[in-house]
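**Q** Quick one: sequence and predicted model below, then my questions.
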Amino acid sequence: MDDSTAKLLSEQISRLADSIKNQFSTQDSALQYHKEIEAERINLLQAQIDLLKADKQDQEKRIRKIDDLVISLKTSSNIKQASQAALTLIASAVAAWLGSKI
């Protein structure tokens with residue numbers, strides 16, 4: 001093998017090594033880009049999950065408030081009905097007592 005053939009082979013191997021390095025560099029860049037995109041997607045999904053959790057808690061609070069209001073309204077209604085029944089009973093007793101006096 002003469003000197004020019006050795007230089008030619010050396011240069012071809014050098015070019016091949018550079019080509020491989022460039023391909024690795026390109027692949028690393030693409031991989032890094034995809035990692036960044038996936039990280040952004042994960043952050044957006046986490047933000048959506050947090051928002052949904054906050055909405056769920058807000059809805060639960062509203063339902064509890066409404067439930068408490070319904071219970072208090074039912075209680076008030078029952079107290080009013082009991083008061084009316086008591087007043088009717090007292091009025092009947094007074095009318096019966098006055099009727100027996102006449």
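**A** Here it is on my side, so go on.
**Q** centroid residue for this protein?
**A** Closest to where the C-alpha atoms of the chain average out (Cα atoms, centre = their mean) is Leu52, at 2.1 Å.
**Q** State the mean pLDDT of the strand or helix carrying that residue.
**A** Assigned by DSSP states H and E, Leu52 belongs to helix 3-101. What helix 3-101 shows for mean pLDDT is 94.
**Q** Who are the packing partners of that helix?
**A** On a contact count with 3 or more Cβ pairs under 8 Å, 6 or more residues apart in numbering; DSSP states H and E, helix 3-101 meets no helix or strand. Any C-beta I mention is one placed from the backbone N, CA and C, and that applies to glycine too.
**Q** quick one: that helix to chain centroid distance?
**A** 1 Å (Cα atoms, centre = their mean, to the nearest Å).
**Q** hang on, the earlier thing: distance check, the residue nearest to the centre of the chain against Gln59.
**A** 10 Å (Cβ to Cβ, to the nearest Å).
**Q** what do these two both touch?
**A** Here Leu52 and Gln59 have no joint contacts, going by Cβ atoms under 8 Å, 6 or more residues apart in numbering.
**Q** ok, how many other residues are close to Asp68?
**A** When neighbours are defined as other Cβ atoms under 10 Å, Asp68 has 10 of them.
**Q** try Ile71
**A** Ile71: 10 neighbours (other Cβ under 10 Å).
**Q** Next one: it from Asn78, what distance?
**A** 11 Å.
**Q** and what of Ala17?
**A** In terms of Cβ to Cβ, Ala17 sits 90 Å off from Asn78.
**Q** swap in Asn22?
**A** From Asn22 to Asn78 the distance is 84 Å (Cβ to Cβ).
**Q** What of Arg15?
**A** 94 Å.
**Q** What of Trp97?
**A** 28 Å.
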